[in-house]
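>>> let's see this in three dimensions:
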Amino acid sequence: MDVDGGNKRVFNRLGGTAGDPRNQKVCYHWLAGKCNRHPCQFLHSELPRRTSNFNTWGRGGGGRGGGRGGGRSGEVVMKGDKICNYWVQGNCSFGERCKFLHSWSLGDGFSLLTQLEGHEKVVSGIVFPSGSNQLYTGSTDETVRVWDCQSGQCAAAINLGGEVGCMISEGPWVFVGIPNFVKAWNTQNLLELSLSGPVGQVYALSVINDMLFAGTQDGSILVWKFNLTANCFEPAASLKGHSRGVVSLVVGANRLYSGSMDNTIRVWNLETLQCLQTLSEHTSVVMSVLCWDQFLLSCSLDKTVKVWFATESGNLEVTYTHHEENGIVTLCGMHDSQGKPILVCSCNDNTVRLYDLPSFAERGKIFTKQEVRAIQSGPGGIFFTGDGTGQVKVWNWIPEPTTSIQ
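Numbering: from 1, shown residues only. Sure, this is the predicted structure:
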């Protein structure tokens, strides 16, 4: 499969040698939109009067049946970059002749492994604690679900009595932000703690060394330090400066970066806990901040991703701005199967865009029924997305096939 400028998949390339009987077979991988042979010995087009029942939906089949009439037999169809709504509903009868995608993704190098069903509302957090074989997901349905990574089954559903605004993990610890509290539990010794102090919903969490930070609805950032002797977290500080809720936090280069509904990013010194700089280049809510290499990346509902770099004076300045057609909800950095850095951006048009770094060349796209609020990389080349319907999808990076010389 080719990605043509990130806009179209090209399905009209023919392969094989003229007269070869193999040339009368249609490539199975091409039908699935995943053929990467150049050239391919099989056809990359429909045979005349041929009807295929093949649909792709992860590892299963998408529905077919009534709803729309079929196209002309033998027609070569150029696929657009929009998902077929009839296919989503299970009643597209165009099959491979449909001009819209019958797949939850567009692009090469990754594929859908499975879907985890159980949450009833927005998935707001996904974590994979180190040393654990369980995945934790949180939702605005007021539950945290624990998933067994071997079976893919839900092992437990914990009712927290409040909407989950965010989740992170550090070592064996899982931290969950809910209204007026941060819940913490140790997955190894099963110690559970409830940290009070936040006013309103806790939207963002970050941890470094023995300090835990929580971004809250009232615009403050609460800080706790872990007391190893007492085996508890003790209040340490409250950082003031933002005029509206703090919705994103990240730590890097001995700095804490906070993104807010007041459209700004504040830079905090981790030793003194003083604000060093306020970044005001975004024109709407700063939804997510991410440290990558020597850069800070931020995204906003103003439809931009900004890349920041420190000048000789130590202040951050925008060195590059990437534009999207829609607001950007969250960012996640990861590496593909070849170790190449990838930026994953969720947009509020119900798509997730994947870009190579540092070029921002489009790598692929994921489609969802509602916007993705949580993205998390995992071990062994897998990553997770959680959307507004409560569905968690598990994806994996596909190793590039090795070419043998015959």
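>>> give me the contacts around stretch 261-271.
208, 211, 219, 221, 239, 241-247, 251, 254-260, 274-280, 282-286, 289, 296, 298, 300, 302, 316 (Cβ atoms under 8 Å, 6 or more residues apart in numbering). Where C-beta positions appear, they are placed from N, C-alpha and C, glycine not excepted.
>>> buried set for it?
Across stretch 261-271, burial judged by 16 or more other Cβ atoms under 10 Å covers Met261, Asp262, Asn263, Thr264, Ile265, Arg266, Val267, Trp268, Leu270.
>>> mind checking how far the last one is from Thr368?
In other words, Leu270. 36 Å (Cβ to Cβ, to the nearest Å).
>>> next one: the fifth one
With distances defined as Cβ to Cβ, the gap from Ile265 to Thr368 amounts to 27 Å.
>>> tell me the pLDDT at Ala190?
For residue 190 the amino acid is Leu, not Ala. We have a pLDDT of 84 for Leu190.
>>> any stretches of the protein with poor pLDDT?
For the chain, the stretches with pLDDT under 70 are 1-80, 86, 401-406.
>>> returning to that earlier point: closest to Lys393 among the buried residues of stretch 261-271?
Nearest to Lys393 among the buried residues of stretch 261-271 is Met261, at 28.0 Å by Cβ to Cβ.
>>> domain-wise, how is this protein divided?
1-103, 110-397 (automatic domain parsing).
>>> need the distance between the two termini of the longest one.
With Cα to Cα, to the nearest Å as the measure, domain 110-397 spans 4 Å from end to end.
>>> now Ser139: closest residue in space, sequence neighbours ignored.
Closest residue to Ser139 apart from its sequence neighbours, by Cβ to Cβ, 6 or more residues apart in numbering: His119 at 4.1 Å.
>>> give me the neighbour count for the one you found.
25 (other Cβ atoms under 10 Å).
>>> ok, it - contacts?
With Cβ under 8 Å, 6+ apart, His119 has these contacts: Thr137, Ser139, Asp141, Thr143, Arg145, Gly386, Gly390, Gln391, Val392.
>>> if we use 6 Å, what do you get?
By Cβ atoms under 6 Å, 6 or more residues apart in numbering, His119 lies in contact with Ser139, Asp141, Gly390.
>>> one more: Gly327?
Leu301, Lys303, Asn348.
>>> where does the nearest residue to it once chain neighbours are set aside fall, phi/psi-wise?
Nearest in space to Gly327, with sequence neighbours left out and distances taken as Cβ to Cβ, 6+ apart, is Leu301 at 3.7 Å. With angles defined as degrees, to the nearest 10, Leu301 sits at phi -70, psi 0.
>>> isn't Leu301 up against Val286?
No: taking contacts as Cβ atoms under 6 Å, Leu301 lies outside contact range of Val286: 8.6 Å.
>>> these two: which is more packed in?
Remark: of Leu301 and Val286, Val286 carries more neighbours, 27 against 19, as counted by other Cβ under 10 Å.
>>> picking that back up, could you flag which of the contacts of stretch 261-271 are buried?
Among the contacts of stretch 261-271, the ones that count as buried by 16+ other Cβ under 10 Å are 211, 219, 221, 239, 241-242, 245-247, 251, 255-260, 275, 277, 279, 282, 285-286, 289, 296, 298, 300, 302, 316.
>>> which strand or helix spans the nearest residue to Pro172 once chain neighbours are set aside?
Once flanking residues are discounted, Pro172 sits nearest to Gln188: 4.3 Å by Cβ to Cβ, 6+ apart. In this structure, Gln188 sits in neither a helix nor a strand according to DSSP states H and E.
>>> neighbours of Gln188, just the number please.
For Gln188, using other Cβ under 10 Å, the count is 13.
>>> for it, grab phi and psi.
According to degrees, to the nearest 10, Gln188 has phi -90, psi -50.
>>> please apply the same query to Glu120.
According to degrees, to the nearest 10, Glu120 has phi -100, psi -10.
>>> wait, isn't Arg372 in contact with Val352?
To be clear, residue 372 is Val; Arg isn't right here. Yes: assessed by Cβ under 6 Å, Val372 is found in contact with Val352 at 5.3 Å.
>>> what residues are shared contacts of the two?
By Cβ under 6 Å, 6+ apart, the residues touching both Val372 and Val352 are Ser346.
>>> comparing the two, which residue is more hemmed in?
Val372 (27 against 24).
>>> which ones are touching that one?
For Val372, the contact set (Cβ under 6 Å, 6+ apart) comprises Ser346, Val352, Thr385, Asp387.
>>> surely Gly165 touches Val202?
Yes: using Cβ under 6 Å, Gly165 is in contact with Val202, at 5.1 Å.
>>> what sits in contact with each of the two?
Common neighbours of Gly165 and Val202 (Cβ under 6 Å, 6+ apart) are Gly177.
>>> look at those two and report which has more neighbours.
Neighbours per residue (other Cβ under 10 Å) separate Gly165 from Val202, with Val202 holding more: 30 against 27.
>>> look up phi and psi at Phe217.
No, residue 217 isn't Phe; it's Gln. phi -70, psi -30.
>>> next: Phe384.
phi -130, psi 150.
>>> for the one 10 residues further on, same thing?
Listed backbone geometry of Val394 is phi -110, psi 120, with angles given as degrees, to the nearest 10.
>>> that one contacts Thr114, correct?
Yes: using Cβ under 6 Å, Val394 makes contact with Thr114 at a distance of 5.0 Å.
>>> give me the more crowded residue out of those two.
Set side by side, Val394 and Thr114 show more neighbours around Val394, with 19 against 14, by other Cβ under 10 Å.
>>> any idea which residue sits dead centre in this structure?
Centroid-nearest residue in the chain: Ile375, 3.1 Å away (criterion: Cα atoms, centre = their mean).
>>> and it, helix, strand or coil?
At Ile375 the chain is in strand, as set by DSSP: H, G, I helix; E, B strand; the rest coil.
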